[in-house]
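> My questions concern the predicted model and sequence given below.
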Amino acid sequence: SAMLPVLLLLQLLLRPAAVALPNYQGCVTPEAAALPYCNDALGMDERIGDLLDRLTLEEQINLISTGNHSVSCNMPSSPVPRVGLPEYTWLMETNTGVHAVCLETGQCPTIFPDPMAVGASFNRTLWFAKGDVISTEMRALSNSGGIIDKGPDLPTGLTGFGPNINIARDPRSGRNNELPGEDPFHLGAYAAEYVKGMQQRDERGIYKMNAYLKHFTAYSMEFQRQHSDASVSAFDLFDTYLPQYEKAFREANASGVMCSYNGINGVPNCASGFLTDLMRNQWGQKDALTYSDCGAVQDLIQGYPWERYNGSSVAAVSAAIRNGTDIEAGSTLYNSSAVEAVKAGQLDAAEVRSAARRSLVQRFKVGLFDDPAKVKWTHIEASALGSEEHQSVSYHAALQGIVLLRNDGILPLKKGVKVAVIGPHANTRKELFSDYYGNEVCFNSTHPEDKDFSCVRSITEAIESVNQAGSTVGVSVPKFVGGDDGGMGDAVSAAEDADVIVLAVGLEAFKPDLEHESYDRDSITLPGLQTEMITYMLRMRKPTIMVMINGGPIAIDTILNLPEDLQPKAIVEAFYPGPHGATAIAASIFGDENRWGKLPMTIYPAQYTASIPLDEYSMSVAPGRTHRYYTGKPLFPFGFGLSLTTFDSKCEPAKSNELKYSCTVKNTGDRDGDEVLFMYTKPSPELRAHLSTRHPVPLRQLCGFERIFVKAGSSEVVDFECSDEERFALTNESGERVVW
């Protein structure tokens, strides 16, 4: 009725003064409230159609591009005051935590361990819980005037970019620390659960937030990434680089993607009609949004390998919009050249309207044009941000993501001993975090412009806290890079006085020459003088635990090739464990917790990098990539991981269903603990011989996994059912899945 807009406006104006409107809330002006697009009794398509009919071509373009060069990666769209349409800032990083500043002391976004650690948990419940924490905090920020960063103070939005679900294709890739693992089935399950947790809906179907997958797709090389054209066969594309995205769209209705810098087989991903067709038509997400990575549209006019566009902004804009890239981030070509492209006949105004429509769908989905009082999520308060409950989820993610690679009886470590923590990570705080960890970790009212990590425990501090009856000293040597030992004499003195040495070694995600966005690693061994330091300490023949902090895998051949009596008694892979990581490491090695994870990636020997080029995208070219195709002997295989207890597992096929297996897991040790079971399918030798001349055949395929808790002396039953034919299908040379 005609009264509905007026009533809506009155409801908004009469809300209690203490309740602020969410960031970017629409339909709050008299001009807007009088228009049908603000009438939430109408269907969304009708409302969006009404709004678009009122916008000029230029105004539609301003919804999908920006003229503000200083913050163009965040892509703040322009407002249209005459119809009451507010601006909106699109990019919110959500791969590891919400990228935003704290509201006040005790109200900072919850940061998780790096995705590789969270992936190592193999815990679907945890992945959903992570998504729930992220979405709750997105709403808490939006409802409380949160901002992305200080200067300019861009308000937070409800569109989160992450999970990043490219596979860890090569151990040298600089962004492996942003990824959950190397297996497409595992990554698909991770993405589906994470997105489900993020995109919960209230009783009226309003999304808690929108989640976008990145970077779509076959993006795993930083070297000249903006001029990278990956050569990928149809087999590899559908066998490895696409399945995880398909699962996230089909099972969790992901809201869209960030298209990646690279191209595939001569076509840039941010101008790929093929990838758009997959997402919107083949996978059933007709309104899925494509957002360009920062500057990816601009890259189309930078020459090689995209000479086809002849440096023409009009040609680049036309190709990007026509092939489905709805929003341009990091450059302003749409803003400057889309009108010209329409006038030149290279782009249809209807294609601009379609892109603008998809952008509005995202904003309507999260209720930004509905009465906030009717949206369940607008009642989430600032106190949810960094809450004790949320910090507990992050802590348990750290516990379940640490992998025990070796234990020769030294763990659990006895409390009350003299411990020397030695290595570049002995006293680090910030360096326990991964790339894209978030923004502000610890609230700093005195110097808010500084990134404060003082609230984060170091590994030395965490061990000292548990080892109260003993003594703990930490010495940060050598440096991560270079030939400076940083003062090895202090480390030697500390080690000589200690009962136990803990070597805290690895990489850091904030040094470009280690692992970081825009940089790949030249070597997968420990950088600097770390190997020399480790060897020196081991020759002291004291009980030694080696803890590795890293994203991508580290080859420790030199350490493992030492005489057995000189090797570390325990080896722990902790990845970048985040704000509670040091606490989780200490609790785990002293036996207060027994929640270890399993490797979500293969740890290759050092010579692996000499055997295959970084830009080789074939998974099966010798010696092969990932556990599915690698034919060499890994230092530690995918799925490997020990516990402080022991388990005995027996699996039998169900009599009524040959595709169903029932596994009994008995804890045969004296400690409660977690175990992860994996189920693989493996082609028969006959089938492999039959198909090997036509296309590659994986060594094995993961088709199921379950994490369970088993009390000491007790048993639990896990049922696996690979009744889905797709789990027993193989990809053929055309990219089709065929059941044999």
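Now that the structure is in, tell me what you want to look at.

> Could you report the distance from residue 497 to residue 565?
Applying C-beta to C-beta, to the nearest Å, the value for residue 497 to residue 565 is 22 Å. All C-beta spots, glycine's among them, are computed from the backbone N, C-alpha and C.

> neighbour-wise, which of the two wins?
Shown here are residue 497 and residue 565; by other C-beta atoms under 10 Å, residue 497 has more neighbours (11 against 7).

> how near is that one to residue 438?
In terms of C-beta to C-beta, residue 497 sits 38 Å off from residue 438.

> Considering only helices and strands, which part of the protein has the lowest mean pLDDT?
Ranking every helix and strand in the chain by mean pLDDT, DSSP states H and E puts helix 3-13 at the bottom, with a mean of 38.

> Convert the C-alpha atoms of the helix or strand just after that one to PDB, please.
Counting by DSSP states H and E, the element after helix 3-13 in chain order, helix or strand, is helix 30-33. The C-alpha coordinates for helix 30-33 follow below in PDB (Å, rounded to 0.1, in the frame of the first residue of the first chain):
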ATOM      1  CA  PRO A  30      12.400  10.700   3.000                       C
ATOM      2  CA  GLU A  31      13.300  10.500  -0.700                       C
ATOM      3  CA  ALA A  32      14.000   6.800  -0.500                       C
ATOM      4  CA  ALA A  33      11.200   5.800   1.900                       C
END
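
> packing partners for helix 30-33?
Applying 3 or more C-beta pairs under 8 Å, 6 or more residues apart in numbering; DSSP states H and E, we find helix 30-33 packed against helix 3-13.

> show me the residues around residue 129 that make contact.
By C-beta atoms under 8 Å, 6 or more residues apart in numbering, the contact set of residue 129 is 197, 393.

> three-state assignment of it?
Classification of residue 129 using DSSP: H, G, I helix; E, B strand; the rest coil returns helix.

> Read off the pLDDT value for it.
With respect to pLDDT, residue 129 has a value of 98.

> can you check residue 727 too?
Per-residue confidence (pLDDT) for residue 727: 70.

> Number of residues surrounding it?
Other residues within reach of residue 727 by the criterion other C-beta under 10 Å amount to 18.

> what's the closest non-adjacent residue to it?
residue 703 (4.1 Å; C-beta to C-beta, 6 or more residues apart in numbering).

> Quick check, the one you found in contact with residue 677.
No - applying C-beta atoms under 8 Å as the test, residue 703 and residue 677 come out as separate, 12.0 Å apart.

> which one of the two has more residues nearby?
Neighbours per residue, other C-beta under 10 Å: of residue 703 and residue 677, the larger number sits with residue 677, 21 against 18.

> If you count neighbours, what's buried in the helix or strand hosting that one?
Assigned by DSSP H and E, residue 677 belongs to strand 673-681. Applying a neighbour-count criterion of 16 or more other C-beta atoms under 10 Å, one finds 673, 674, 675, 676, 677, 678, 679, 680, 681 buried in strand 673-681.

> farthest pair in those residues?
Greatest spatial distance in these: 673 and 681, 27.5 Å, computed using C-beta to C-beta.

> Can you check what pLDDT the model gives residue 514?
Note on residue 514: pLDDT of 85.

> Shouldn't the residue nearest to residue 727 be within a helix?
No - per three-state DSSP, residue 703 lies outside any helix segment and is strand.

> From here on, call the first residue 59.
Shifting the count to begin at 59 puts that one at residue 761.

> Next, the contact list for it, please.
243, 737, 738, 739, 778, 780, 785, 786.

> Is residue 789 in contact with residue 755, as I believe?
No - using C-beta under 8 Å, residue 789 makes no contact with residue 755, being 9.3 Å away.

> So which of these two has more stuff around it?
In this view residue 789 and residue 755 are compared by other C-beta under 10 Å, and residue 789 has more residues nearby, 24 against 20.

> How much space separates the more buried one from residue 264?
As judged by C-beta to C-beta, residue 789 and residue 264 stand 38 Å apart.

> Could you do residue 691 as well?
Separation of residue 691 from residue 264 (C-beta to C-beta) stands at 52 Å.

> The two: which is more packed in?
residue 264 (20 against 9).

> show me the contacts for the more buried one.
Shown in contact with residue 264 (C-beta under 8 Å, 6+ apart): 423, 424, 425, 428, 433, 434, 435.

> Tabulate the residues you listed in CSV, adding columns for distance to residue 300.
Formatted as CSV, the contacts of residue 264 follow (distance: C-beta to C-beta, whole Å):
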residue, distance to residue 300
423, 25
424, 27
425, 32
428, 35
433, 34
434, 34
435, 32
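
> Output the below-cut-off pLDDT ranges for the stretch 359-508 of the chain.
506-507 (pLDDT under 70).

> which stretches of the stretch 309-458 of the chain form strands?
314-317, 321-322, 325-326, 347-350 (DSSP state E, counting those that start in this stretch).

> Can I get these in TSV including distance to residue 663?
TSV is the format used below for these (distance: least, C-beta to C-beta, whole Å):
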stretch	distance to residue 663
strand 314-317	34
strand 321-322	30
strand 325-326	35
strand 347-350	38
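
> My read is that residue 711 contacts residue 719, right?
Yes - counting by C-beta under 8 Å, residue 711 touches residue 719, with 5.6 Å between them.

> Comparing those two, which shows the higher neighbour count?
Neighbours were counted for residue 711 and for residue 719 using other C-beta under 10 Å; residue 719 has more, 18 against 12.
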